[in-house]
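*Asks:* My questions are about this predicted structure, shown below with the sequence.
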Amino acid sequence: MDRINESLPALGLIATLIAAWWLAVFLTHTLVFPAPWDVVRGTWELVMNGTLWDHIGASLMRVGIGFGLALCFALPLGLWMGWVDGAYRTLNPLFQILRPISPIA
């Protein structure tokens, strides 16, 4: 019974967020953002025609390639910049310029 009482606030928050999402779409009559039920229906459609796993696999492949490139290039570069003061002084301004760019971009 305690586990149910512990999860009620989280479930209430999730329900509130979904209701706010639906209300925002309903009140604005937007065609850009789908309603929650449209997302569920679209996801189920992708499951039924078998393309959901293809899309998940493609996304995971991109993440894996990015992680691999970071391991191969960024990690050694960062270690080198930490060990060699001249490398740090040369490359740090470039990284400081790039830092405000969103990682998702």
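*Replies:* All right, it came through fine. Numbers count the residues shown, from 1 in each chain.
*Asks:* Show residues contacting stretch 78-90.
*Replies:* Stretch 78-90 has contacts (CB atoms under 8 Å, 6 or more residues apart in numbering) with 91-92. Glycine gets a C-beta too; all of them are placed from N, C-alpha and C.
*Asks:* Show me what counts as buried in that stretch.
*Replies:* In terms of neighbour count (16 or more other CB atoms under 10 Å), stretch 78-90 has its buried residues at residue 81.
*Asks:* can you map out the helices along this structure?
*Replies:* Using DSSP state H, the helices of the chain run over 2-28, 36-49, 52-69, 75-83, 85-98.
*Asks:* Quick one: closest of those helices to residue 104.
*Replies:* The closest of these to residue 104 is helix 52-69. By CB to CB, the value is 11.4 Å.
*Asks:* can you list contacts of the closest one?
*Replies:* By CB under 8 Å, 6+ apart, the list of residues contacting helix 52-69 from outside reads 43, 46.
*Asks:* Would you convert the helices of the chain into JSON lines that also reports distance to residue 104 and mean pLDDT?
*Replies:* Below are these laid out as JSON lines (distance: least, CB to CB, whole Å; pLDDT from 0 to 100):
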{"stretch": "helix 2-28", "distance to residue 104": "21", "mean pLDDT": "87"}
{"stretch": "helix 36-49", "distance to residue 104": "20", "mean pLDDT": "95"}
{"stretch": "helix 52-69", "distance to residue 104": "11", "mean pLDDT": "95"}
{"stretch": "helix 75-83", "distance to residue 104": "21", "mean pLDDT": "96"}
{"stretch": "helix 85-98", "distance to residue 104": "14", "mean pLDDT": "94"}
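*Asks:* what's the burial count for the nearest residue to residue 18 once chain neighbours are set aside?
*Replies:* Among residues not flanking residue 18 along the chain, residue 36 sits closest, at 5.2 Å (CB to CB, 6 or more residues apart in numbering). For residue 36, the neighbour count with other CB atoms under 10 Å is 13.
*Asks:* I'd like the distance from residue 37 to residue 13, if you could.
*Replies:* Distance, residue 37 to residue 13, using CB to CB, to the nearest Å: 19 Å.
*Asks:* Sorry, slip of the keys, the one I care about is residue 21.
*Replies:* Applying CB to CB, the value for residue 21 to residue 13 is 13 Å.
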